[in-house]
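In: Here is my input, please return the structure:
(one chain, ligands or ions: 1)
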Amino acid sequence: MRAIVQRSASSTDLTLITTHPVPIPISNSTEHLIRVQTCGLCAGELLWPKNFPPPKPRELIPCPDIAGTIVSAPQGSPFRVGDEVYARTNYNRPGNAREYTIGVTDEIALRPKGLSWAEIASIPVSAETAWQALFIHAGIVASDNDIDIAAAQKLWKGKRVLVTAASGGVGIWVTQLLARLLGATVIGTCGTNNISLVRSLGADEVLDYHKTDLKKWGALAANKVDVVIDCIGKKSLADSWWTIRDGGVVLSIFQPPRQACPDGYKGKGVRDVFFVMSPNKKHLEMITKLVEQGICRPMVDSIWPLEQFKEAFTRLDNGHARGKIILSLTLNQ
Ligand SMILES: NC(=O)c1ccc[n+]([C@@H]2O[C@H](COP(=O)([O-])OP(=O)(O)OC[C@H]3O[C@@H](n4cnc5c(N)ncnc54)[C@H](OP(=O)(O)O)[C@@H]3O)[C@@H](O)[C@H]2O)c1
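Out: Below you'll find the predicted structure:
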């Protein structure tokens, strides 16, 4: 089969192999063989093997997100051969830029109806990260897998939340979940070209990061926020510290927020959070419902045939994707 392989953790070079063996599910496990239709790239992922080596050495195949069809299912699986599914697959195993891949029961969900294969593969890692940030890690709702949406809505309603990179893969989900599901007041940051997009996702206020100095903006008492959800890190995260109320929460999916806390910051009682998402079937099923109900929608930046992986990763690396970049295993076939 065709597969994209990163030869070593120390280099981000990728190679297309056309004679790669098809993976074989481990017997007596919950592994399924899946025929891949589309797979999704994630910002920064080619650096993960170096910065976060997998717990056990494994082949480095990129693309954590997959949409495809079940080819074989283990005994007792809730899925049948032919089911159309999607997932963010576990980092312990190789990724999904290959014609056939492996997915385990606890990470796979049936695909949302009414979307293209590219739209489906654009959802899992971004939406699950946003979900876990808001429902688990921000600490506004102490909760586990069984999320009580009504309780969450009570707690988030009216909270002022700053979302940095609201136009990015994760930011679009954080913005939609906060604005459309939880009733929070969202202030999103993005570039000039994405202002109307972020508004259309439900943000109440949009700050153009080329024009607005977050430190100055946050100095006004009326602008202070209860929670920062940072999706970009570095300077944006550092500047976000000036916007948070005492007792608030600064959460980043990019780096531990204290690493970016600016000199001279004197706020009190602010909780800082960094986490790495984990694939979770229940969360993905909740997201499926929200998509099918029209409450949230995915966004695809571009679709590339597998053979054009270099162009796709170059676009990802320039940091200005509008939604997700997708590789198709069937385009041009
Ligand atoms: N912790 C976790 O579990 C987890 C999970 C998923 C992702 N991540 C990480 O989260 C980060 C974001 O991922 P992503 O997929 O959302 O990224 P992405 O889609 O590649 O982000 C691109 C977007 O960011 C915007 N942007 C760039 N610089 C900005 C700035 N200074 N202020 C505001 N917006 C800016 C760009 O808008 P313009 O084009 O207008 O500049 C573009 O829309 C990555 O580092 C990724 O590795 C972490």
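In: For Glu205, list each beta-bridge partner.
Out: In this entry, Glu205 is beta-bridged to Ile187, by DSSP bridges.
In: In this structure it contacts Cys190, no?
Out: No. At 11.5 Å, Glu205 and Cys190 do not qualify as touching, with contact defined as CB atoms under 8 Å. Just so you know, the C-beta spots here come from the backbone N, C-alpha and C atoms, and that holds for glycine as well.
In: Quick check: the gap between Ser302 and Leu327.
Out: Separation of Ser302 from Leu327 (CB to CB, to the nearest Å): 10 Å.
In: Which one's more surrounded, these two?
Out: Neighbours of Ser302 and Leu327, each counted by other CB atoms under 10 Å, are more numerous for Leu327; the result is 28 against 17.
In: Are we agreed that the more buried one is in a strand?
Out: Yes. Assessed with DSSP: H, G, I helix; E, B strand; the rest coil, Leu327 lies in a strand.
In: about what we covered before: can you list residues touching both of Ser302 and Leu327?
Out: Ala312 (CB atoms under 8 Å, 6 or more residues apart in numbering).
In: where along the stretch 201-333 of the chain do the helices fall?
Out: 214-219, 234-240, 281-292, 309-317 (DSSP state H, counting those that start in this stretch).
In: Throw these into CSV and include distance to the ligand and mean pLDDT, thanks.
Out: Shown next, in CSV, are the helices of the stretch 201-333 of the chain (distance: least, CB to the nearest ligand atom, whole Å; pLDDT from 0 to 100):
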stretch, distance to the ligand, mean pLDDT
helix 214-219, 9, 96
helix 234-240, 5, 98
helix 281-292, 12, 96
helix 309-317, 6, 97
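In: Just the pLDDT at the nearest residue to Arg245 once chain neighbours are set aside, thanks.
Out: Nearest residue to Arg245 in three dimensions, chain neighbours excluded: Lys224, at 4.6 Å (CB to CB, 6 or more residues apart in numbering). For Lys224, the pLDDT comes out at 98.
In: Tell me the spacing between Lys224 and His137.
Out: Separation of Lys224 from His137 (CB to CB) stands at 21 Å.
In: Any idea which residue of this structure lies closest to the ligand?
Out: Across the chain, the shortest distance to the ligand (CB to the nearest ligand atom) belongs to Gly191, at 2.1 Å.
In: Pull the contacting residues for the residue nearest to Arg245.
Out: The contact partners of Lys224, taken as CB under 8 Å, 6+ apart, are 160, 218, 243-245.
In: out of those residues, what pair is the most spread apart?
Out: Taking CB to CB, the two most distant members of the contacts of Lys224 are Arg160 and Gly218; they sit 11.2 Å apart.
In: which neighbours do the two share?
Out: Common contact partners of Arg160 and Gly218 (CB under 8 Å, 6+ apart): 224-225.
In: Neighbouring strands - and their directions - for the helix or strand containing Thr69?
Out: Per DSSP states H and E, Thr69 falls inside strand 65-72. Partners of strand 65-72 in the sheet, by DSSP bridges, are strand 31-40 (antiparallel), strand 84-88 (antiparallel).
In: Now the element after the last one, going C-ward?
Out: Once the chain leaves strand 84-88, the next helix or strand it forms, by DSSP H and E, is strand 100-104.
In: quick one: strands adjacent to that following strand?
Out: By DSSP bridges, strand 100-104 pairs with strand 31-40 (antiparallel).
In: Would you mind putting the CA coordinates of whichever helix or strand comes after the strand it pairs with into CSV?
Out: The element immediately downstream of strand 31-40 (helix or strand, assigned by DSSP H and E) is helix 48-51. The C-alpha trace of helix 48-51 is given here as CSV (Å, rounded to 0.1, in the frame of the first residue of the first chain):
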residue,chain,number,x,y,z
TRP,A,48,6.2,15.5,18.2
PRO,A,49,8.5,12.4,17.8
LYS,A,50,11.5,14.5,18.9
ASN,A,51,9.8,16.5,21.6
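In: Any residue of helix 48-51 touching the ligand?
Out: No. Shown here: helix 48-51 not in contact with the ligand (CB under 6 Å from any ligand atom), separated by at least 7.9 Å.
In: ok, and what's touching that helix?
Out: Residues external to helix 48-51 that are found in contact with it (CB under 8 Å, 6+ apart): 6, 9-10, 60, 91.
In: Next: stretch 231-245.
Out: Outside stretch 231-245, the residues touching it (CB under 8 Å, 6+ apart) are 162-166, 168, 170-171, 174, 189, 209, 213-215, 217-219, 223-228, 230, 250, 252-255, 257, 260-262, 265, 267, 270.
In: what's the span of that stretch from first residue to last?
Out: Chord length of stretch 231-245, first to last residue, is 19 Å (CA to CA, to the nearest Å).
In: Please apply the same query to stretch 153-162.
Out: So stretch 153-162: terminal residues 17 Å apart, CA to CA.
In: Stretch 206-216 now?
Out: The straight-line separation of the ends of stretch 206-216 (CA to CA) is 15 Å.
In: picking up where we left off before, can you add neighbour count, pLDDT and secondary structure and give the contacts of helix 48-51 back as a markdown table?
Out: Shown next, in a markdown table, are the contacts of helix 48-51 (neighbours: other CB atoms under 10 Å; pLDDT from 0 to 100; DSSP: H, G, I helix; E, B strand; the rest coil):
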| residue | neighbour count | pLDDT | secondary structure |
| --- | --- | --- | --- |
| Gln6 | 21 | 98 | strand |
| Ala9 | 17 | 96 | coil |
| Ser10 | 8 | 96 | coil |
| Leu60 | 20 | 98 | strand |
| Tyr91 | 19 | 96 | coil |
